[in-house]
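Peer 1: Build me a structure from this.
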Amino acid sequence: MVRRTLLLLTPLLLALSLAPPAHAAQAEVYVALGDSAAAGPLVPNQIHLGCLRSDHNYPRLTAQAIGAATFRDATCSGAETEDMYQPQSTELGDVPPQLDALTPDTTLVTVQIGANDVGLTDFIEDCLNLLPPPIGDACNDDYNVGGQDKWRVDTDALRPHLTTLVSDIRARAPQARIFMVGYGTYARPDGCYPRVPIIKADANYIRATLMYFNQMLAEQAAAAGVGFIDLQTPSVGHDPCASSSTRWIEPYVPASPAAPFHPNAAGMRGFAGVVTAAVTGAVTGAL
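Peer 2: Below is the predicted model:
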């Protein structure tokens with residue numbers, strides 16, 4: 001958020017004080033799009049078992065915080081960018097394309113998508129190593145194909161799909177402020193083996209991979225002229241290596257109701273605070 005001097009703020013504050021009472025927050029028509037990082041699998045209470053969607057995920061908490069007049073949560077665990085456009089298959093049947101939740105009167109959209117397109121969750125679980133080297137093998141070398149990092153190649157291949165997605169959101173919701181949401185901190189430097197059984201080299205590789213992915217999301221958001229909400233920075237120190245009382249993202253064996261390597265209830269509250277600050281900042285012109 002840009003810090004402005006008091007002198008620069010004065011005209012804005014004066015204008016707001018002279019304007020009729022603002023009802024922007026109460027009038028928000030908010031649509032949340034995204035995958036499991038937004039849906040909140042296993043976080044109490046689950047209100048859509050097919051999508052493993054929680055009533056305490058960060059989109060719903062954000063909607064409550066901003067007093068949204070209408071809130072539509074289309075987030076669904078397992079979603080990829082293609083599920084924005086076509087029905088998504090779940091264990092309990094198909095769910096509609098997520099973009100169907102958008103309407104011309106939509107004023108706010110958050111979208112957190114892309115991790116499943118490149119298989120980042122499976123990648124993290126692939127790197128679990130119950131036995132350290134030399135008995136257990138590091139996983140990071142497995143993703144170097146022909147001298148290229150598979151995850152970076154796949155990440156870069158996703159760029160045009162995100163640009164198209166933003167354009168399609170705009171077409172359906174021309175009044176909406178759109179925010180692309182990044183992913184949290186899933187690994188700290190050097191990891192914390194054996195508490196989280198990912199060895200140092202792999203923990204650093206996962207960390208670098210996620211940082212590159214989040215940077216890609218930020219770049220695509222900027223290129224498309226929409227907001228980007230960074231969840232990586234505020235979740236530092238709340239990663240799966242943190243104590244059960246402070247972590248926002250659960251490890252392979254969760255201590256709180258949540259899917260492995262997904263946000264728990266505390267994480268959803270923390271992320272909701274970040275998202276709320278970002279979207280309300282945009283309403284007041286502070287971004």
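Peer 1: buried stuff in the host helix or strand of residue 273?
Peer 2: In the assignment (DSSP states H and E), residue 273 maps to helix 265-283. Across helix 265-283, burial judged by 16 or more other Cβ atoms under 10 Å covers 265-268, 270-272, 274-280, 282-283. Glycine gets a C-beta too; all of them are placed from N, C-alpha and C.
Peer 1: starting at the chain centroid, how far to that helix?
Peer 2: Averaging C-alpha positions (Cα atoms, centre = their mean, to the nearest Å) puts helix 265-283 11 Å from its chain's average.
Peer 1: C-alpha coordinates for that helix, CSV please?
Peer 2: The C-alpha coordinates for helix 265-283 follow below in CSV (Å, rounded to 0.1, in the frame of the first residue of the first chain):
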residue,chain,number,x,y,z
ALA,A,265,-8.7,-21.8,10.2
ALA,A,266,-6.1,-19.5,11.6
GLY,A,267,-4.6,-19.2,8.2
MET,A,268,-7.9,-18.4,6.7
ARG,A,269,-8.4,-15.6,9.3
GLY,A,270,-4.9,-14.3,8.6
PHE,A,271,-5.4,-14.3,4.8
ALA,A,272,-8.8,-12.7,5.2
GLY,A,273,-7.2,-9.8,7.0
VAL,A,274,-4.7,-9.4,4.2
VAL,A,275,-7.4,-9.6,1.5
THR,A,276,-9.8,-7.3,3.3
ALA,A,277,-7.1,-4.7,3.7
ALA,A,278,-6.3,-4.9,0.0
VAL,A,279,-9.8,-4.7,-1.3
THR,A,280,-10.9,-1.9,1.1
GLY,A,281,-7.8,0.0,0.3
ALA,A,282,-8.8,-0.1,-3.4
VAL,A,283,-12.3,1.2,-2.5
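Peer 1: which residues does residue 146 contact?
Peer 2: Counting by Cβ atoms under 8 Å, 6 or more residues apart in numbering, residue 146 touches no other residue.
Peer 1: got it, and residue 210?
Peer 2: Here residue 210 is in contact with 120, 183, 185, 186, 187, 232 (Cβ under 8 Å, 6+ apart).
Peer 1: Mind checking what secondary structure it has?
Peer 2: Three-state assignment for residue 210 (DSSP: H, G, I helix; E, B strand; the rest coil): helix.
Peer 1: Provide a list of residue ranges in this structure with pLDDT below threshold.
Peer 2: Low-confidence segments of the chain, defined by pLDDT under 70, are located at 1-26, 133-134, 282-287.
Peer 1: And the helices in it, which stretches?
Peer 2: For the chain, the helices defined by DSSP state H cover 6-18, 36-39, 58-66, 115-118, 120-126, 150-172, 200-224, 265-283.
Peer 1: most tightly surrounded among these?
Peer 2: Mean neighbours per residue, mean count of other Cβ atoms under 10 Å, is largest over the helices of the chain for helix 36-39, with a mean of 30.
Peer 1: Bridge partners for residue 88, pull those for me.
Peer 2: As for beta bridges, residue 88 partners with residue 95 under DSSP bridges.
Peer 1: any idea how far residue 97 is from it?
Peer 2: Going from residue 88 to residue 97 by Cβ to Cβ, to the nearest Å gives 8 Å.
Peer 1: Which one's more surrounded, those two?
Peer 2: More crowded of residue 88 and residue 97, by other Cβ atoms under 10 Å: residue 88, with 22 against 16.
Peer 1: Lovely, talk soon.
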